Structure formats: structure tokens, C-alpha cells
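# Make a model of this:
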Amino acid sequence: MKRIFSILFAIVIAVSASAKLKYIFYFIGDGMGSNQVLAAEMYRAELEGRIGRVSTLMSQFPVSGSLTTFSASNGITDSSAAGTALATGSKTNNGTLGLSATGDTLTTIAEFLQQQGWAIGIMTSVAIDHATPGAFYGNDIKRSHYYAIGEQLTESGFDFFGGAGFHYPQGKKDNKPVNLYDLAERKGYTIVRSYDEAQRHLADQKMIMIQPADTGKTHSDNIDYAIDRRAENSTLRQIVATAIPFLEGKHKPFFMMVEGGMIDYACHGNDARASIDEVWAMDEALQEAYAFYLKHPDETLIIVTADHETGGMALGNSDYTLNLQVLQHQHCSAWALTEQFKTLYAESTPSWEEVKTVWQKQLGFWKEVEISAEEEAVLRTAYDSSDPEKISQAGVSLLNRKSKIGWTSVKHTAHAVPVFAIGVGAERFTGWHDNTEIVPLIHQCLAKPKKCRR
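Residues are numbered from 1 along each chain as shown. All right, here's what the predicted structure looks like:
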């Protein structure tokens, strides 16, 4: 990626008297702290046999800064409060979506721009009614009211949605009279279930792009982890690559929010390798926006940030060493590994040798990764529990320790998160900000685009 910057600074520094902000890309890495980005970059450098970084596209952007993430109710935010701050510029209490701390309905940047005639796209690698995407179109005292939030999605009139589908299209108890997919279709949305199908509907009025395996009747949670990806499933990059021509075809300015939601899931599971692959998956989606930016540098702003950090990821857990390259021997996520052990235990109680074989195949233990007697004793204790999740986590945790990655939590932290920007008004995002400042800064760039340029 370094080659792009031979021309990049010339593009960014050049001031255009005719600059007018018409296209905004707002990328949010759920759970993505600075160390998640750095781990992804240093891991790839170690795979090349060197110490250093293979830079993500986001970290090459000419403007960078940091955001604080605390909510109105606590120093550590949840995703709904953080998403609300990033979408509206206002703090709220943990668990609350799209409402102020006193219960007032807030207007999001997406809703504001829609009222100004912009086309709007909201996409994610998790459910489209999850906290972060929901914060851009919905409001509810509880983020867990998925069906009500899904109803608001269908009422939003936004042009494009993409992700894993609705969490509970018939409600948590399957007791709602109308399936949310049916409701969406009544509101004029075309439901597509693959990248190829989506390409045949780019001229449609409104679109919801979900996963091929989603029947529209059952619980939807997320797109596959990148490390577990099946060929038939769409990627976040494909969703963005669909949304750009779809929104551009409206012949209007457009705004896109893109969430890399699976970073958070991986970090809740303290799964370093899965989180690394998810950072890169979001960065690949970002490449689609950057390609568009190169065609419209005087009209486009790209912002990349996060709602919070998850897990308290530490690069270094003992002595002055990192060994990130050992993570290359992990071949599935901790979640997928747990599912394998569940299947194994469902048939009968497996032998120690059978469990060892799974660890060897998926984590490289006793093969590419040397296991000491003390480490084997820890694994044996997990095996004795007969708990598939504990057995899976014991293996992934051991590989983390060998990579020298540490974790302080399986929840969110109050760590500051990065912000990267390029394009019209990008320099306004440099320095130390609060998450409530992003939306006001976007408004400043809309009002005075020429003065926002480097």
C-alpha cells in the first residue's frame, strides 16, 4: 500500500476552489483500538520475516487522531451509547439507542443528510439492527429491542442496507405478526442474498443485502469471521462494492456508514488471530471507498474510527518479545473451534488423543507449535472439564500467550480509539477529540469545505 502515497499527499494538499463535499464514507471498527490495528500490521510484517509494520490503508491516511469514548452513564461505554455519540454528536446512557440521556429523540447525521436530499447507505458485518448500525436510524430505551429497531429500519427510507440480516425478524419469541423482511418489501426494499444477485438490482429503488444462508425467517447474527469464511458468503468488501454504484446511481450526494462489527466479537472472545483478520477485512472494504475517493478527491471525505476498544489488547505479556507469527497456525476462530468440539462431544465423550488431534489441526499444537509439559497440563485440565467452550478457549488462550498478546478483559475498555481521515475537511479530525465531536466536524466540513482542505 505504500505506493499509493507517492501521489496521495499531492492530491490532499492541493486546494480546490471548487471543492464541495458530496460523498462521505464513515467507517467504524467496532471494538477496534489502536493496538488492534497495530497487531494486524505487525503480524503481517512478521510473516514477511521482519520486525515492523505492513501498513493498513487506514493508517496511511494523512490525518490521524484519537477519540475518547466514555458514555453519559459510565467511563466505559457500550456499543449503543458509543454508536449514538458517533451518529448524533450526543452522549447517552449505556444500553440506550438514539435517545439522549434524558430521553429526547436525537437526529442522526444520516437522517439530517437524507433531509438535505442525500442518498444513505448503512452496512455492517453483523446484524443490520445491531447497536452501531441501529444508532444511525433508530431510537429505543433498550438496544435489545431488536424487532422495534428493525421496524424503524424499514420506516427510515434509507436507500441501502447491508449485513447479516435482522437479529429476530419475527421477534425474540417468534410471536410478531409480520416478518421484518416482508415488512421491508412492503416498504419498497428489494431483498438480495448474494453479491451476484445484488448486481442485477443496482437500478432498484431501495435494497437490503443479506447473506445467502439467511432464509429471512430465523435469527441472524453475523457474517462469517474472515478466518472461517465460506466461499458462498458475501464479504464486507462486496457489500461496500455493491453500495457504491447503487447509491451513485441515485445521482445524488451520498453518505455511507460501514461497520466492521466482527472485530468486537473476536476481541470479546480474546481471539487475537480472528481480530487481526477482521481488521484487515474492514481495511479491504475501505479500499473500495478509497478507489472512489481517487476519482472524486475534491468531493469526498473518508473517516475511519471505532466506537470503543474491546478486550484491553496488549502487545506484550511478559518479556521484551513479540511472537505474532505463531498465530499463522490458527486456522479457525475460537467460536468455530468451540462448534467443532460441541460436535465431537455430541457423538460421545472423546478421548484425550481425539481432542489433541483437533488442537493440532486447528492451532498447530505438537506440530508447528511446540507444547511444553506445563502447557499440556493446562490443556489437560481443560479437557477434564468436558466443556467444549473451555477446551476451545484454553487452546486459543495458550496460542495468544505464545504470541505474547495479552488481554485485560472480555468486555469493553475506556481506551481511546484511533481516527483516520482523508479528503475534503480531513485535517479537522487531527488531534485528540471526544466521540461526540465527529458529527459537528462533519457539519463544519459541509458548511465550509474550502477552509477544511489542506
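
# for Met257, helix, strand, or coil?
Secondary structure for Met257, judged by DSSP: H, G, I helix; E, B strand; the rest coil, is strand.

# ok, what's across the strand from it?
Tyr26, Ile122 (DSSP bridges).

# where does it land on pLDDT?
For Met257, the pLDDT comes out at 98.

# Tell me who's in contact with it.
Neighbour list for Met257: Tyr26, Phe27, Ile28, Ala87, Ala110, Gly121, Ile122, Met123, Pro133, Phe136 [criterion: C-beta atoms under 8 Å, 6 or more residues apart in numbering]. C-beta: built from backbone N, CA, C; applies to glycine.

# right, and the last one touches Ala87 too?
It refers to Phe136. Yes - applying C-beta atoms under 8 Å as the test, Phe136 and Ala87 come out as touching, 4.7 Å apart.

# which residues in this structure form strands?
Along the chain, the segments classed as strands by DSSP state E run 23-29, 63-68, 119-124, 160-162, 189-192, 206-209, 254-260, 300-305, 309-310, 314-315, 405-406, 412-413, 417-423, 431-434.

# Distance to Lys390 for those - can I get that in a markdown table?
Output for the strands of the chain, formatted as a markdown table (distance: least, C-beta to C-beta, whole Å):
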| stretch | distance to Lys390 |
| --- | --- |
| strand 23-29 | 29 |
| strand 63-68 | 35 |
| strand 119-124 | 30 |
| strand 160-162 | 35 |
| strand 189-192 | 39 |
| strand 206-209 | 37 |
| strand 254-260 | 28 |
| strand 300-305 | 35 |
| strand 309-310 | 21 |
| strand 314-315 | 23 |
| strand 405-406 | 19 |
| strand 412-413 | 23 |
| strand 417-423 | 31 |
| strand 431-434 | 39 |
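
# what's the nearest residue to Tyr383 if we skip its chain neighbours?
Val355 (5.3 Å; C-beta to C-beta, 6 or more residues apart in numbering).

# residue contacts, that neighbour?
Here Val355 is in contact with Phe341, Leu344, Tyr383, Ile391 (criterion: C-beta under 8 Å, 6+ apart).

# do that again at 10 Å, thanks
Phe341, Leu344, Tyr345, Leu379, Arg380, Ala382, Tyr383, Pro388, Ile391, Gly395 (C-beta atoms under 10 Å, 6 or more residues apart in numbering).

# Thought Trp352 was touching the fifth one, still the case?
Read that as Arg380. Yes - look at Arg380 against Trp352 with C-beta atoms under 10 Å: they come within range, at 7.1 Å.

# Wait, Val369 touches Leu398, no?
Yes - at 8.7 Å, Val369 and Leu398 qualify as touching, with contact defined as C-beta under 10 Å.

# quick revisit: please identify the one among the strands of the chain that comes closest to Thr92.
strand 431-434 (13.4 Å; C-beta to C-beta).

# Could I get the buried residue list for the closest one?
His433 (16 or more other C-beta atoms under 10 Å).

# list the buried ones in the lengthiest helix in the chain?
Determined from DSSP state H, the single longest helix within the chain is helix 272-295. Buried residues in helix 272-295, counting neighbours by 16+ other C-beta under 10 Å, are found at 272-290, 292-293.
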